[in-house]
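[1] here is a sequence together with a model predicted from it:
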Amino acid sequence: MLELKNLRKSYGPKEVLKGISATFSAGKVYGIVGENGAGKTTLFRCIADLIPFEGEILKAPADFNHHLGFLQTNNLLLPMMTGREYLRLLIRARHLPVSDLDDRNIFDLPLDEYARNYSTGMQKKLALLGVLLQGNNCLILDEPFNGVDIQSNIIIAEIIRELRRLGKTVLISSHIYSTLTDTCDEIHLLRDGLFVKSAGPESFADLEGEMIRVTVGDRVERLGLS
Ligand SMILES: Nc1ncnc2c1ncn2[C@@H]1O[C@H](COP(=O)(O)OP(=O)(O)OP(=O)(O)O)[C@@H](O)[C@H]1O
């Protein structure tokens, strides 16, 4: 169980999260959408206890953080380590046996090459594989689809559905709305530091319509294209 109660976060005078309350349940997939700079990563970093915040984040069981996997958008600064060593490190951090790595290398990554020489998409796949092989109960996936090829995106969507079937709690951010409607049970729109709208599958289309109205407004006309 994961519950946010009046979660607030400021960077200096800048208030990014202004009192978010929400509950995230096991066996559900939650999408977070919002414009660049809306605070999605900040929210995730608060939940992962990586930065201080105000308000409350209630987690159960008590060792929740030991079963939390966080795929960050910028966790790709790997030291001199091969893909295989990176995966071993993450798996061992959970005191799990390292086995069948080649079989479980579902993205066909060159595991014996230095991970820092991987392409951006390959690094993301490696990081995702790492948090998945840890067997976490809660997964926070910050833009998992971004920079990854279409074939892998299809696989990632299927993995997310499998995580739901396994009873995990999954939080995802994405700038591609269809990736969320394909996978989520609920989507929250983060704007001005708050969840201003939340929708279940029956109102995903309404939420998209609302975002288009607010976001596009008269911007295209103002461009004065001719
Ligand atoms: N360490 C920091 N110090 C100061 N300001 C920060 C810091 N990290 C983030 N911010 C600011 O907080 C706001 C929210 O940033 P955040 O990265 O959480 O947004 P986001 O919704 O994830 O954006 P994007 O979609 O572009 O990834 C932005 O205005 C950003 O400039």
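    Structure's in. What do you need?
[2] quick check: which element contains the residue positioned nearest the centre of the chain?
    The residue lying closest to the centre of the chain (C-alpha atoms, centre = their mean) is L141, at 1.9 Å. L141 belongs to strand 138-142 when elements are defined using DSSP states H and E.
[3] let me know the secondary structure of P52.
    Following DSSP: H, G, I helix; E, B strand; the rest coil, we place P52 in the coil state.
[4] and what of the one 3 residues further on?
    Remark: G55 carries the secondary structure label strand [criterion: three-state DSSP].
[5] residues contacting it?
    Applying C-beta atoms under 8 Å, 6 or more residues apart in numbering to G55 gives the contacts 4-8, 19-20. Where you see a C-beta, it was placed from the backbone N, CA and C, and this is true even at glycine.
[6] got a pLDDT number for the residue nearest to the centre of the chain?
    In this prediction, L141 carries a pLDDT score of 97.
[7] how about M1?
    Note on M1: pLDDT of 88.
[8] go on, L132?
    Taking L132 on its own, its pLDDT is 96.
[9] contacting residues for it?
    69, 139, 159.
[10] do the same with P144
    Here P144 is in contact with 71, 124, 128, 156, 160, 172, 174 (C-beta under 8 Å, 6+ apart).
[11] can you do 7 Å?
    Going by C-beta atoms under 7 Å, 6 or more residues apart in numbering, P144 touches 71, 128, 156, 172.
[12] and if you look at L7?
    L7 makes contact with 17, 19-20, 46, 53, 55, 57, according to C-beta under 7 Å, 6+ apart.
[13] distance from stretch 58-76 to the middle of the chain?
    Stretch 58-76 sits 11 Å away from the centroid of its parent chain (C-alpha atoms, centre = their mean, to the nearest Å).
[14] go on, stretch 157-173?
    On the basis of C-alpha atoms, centre = their mean, stretch 157-173 sits 11 Å off its chain's mean C-alpha point.
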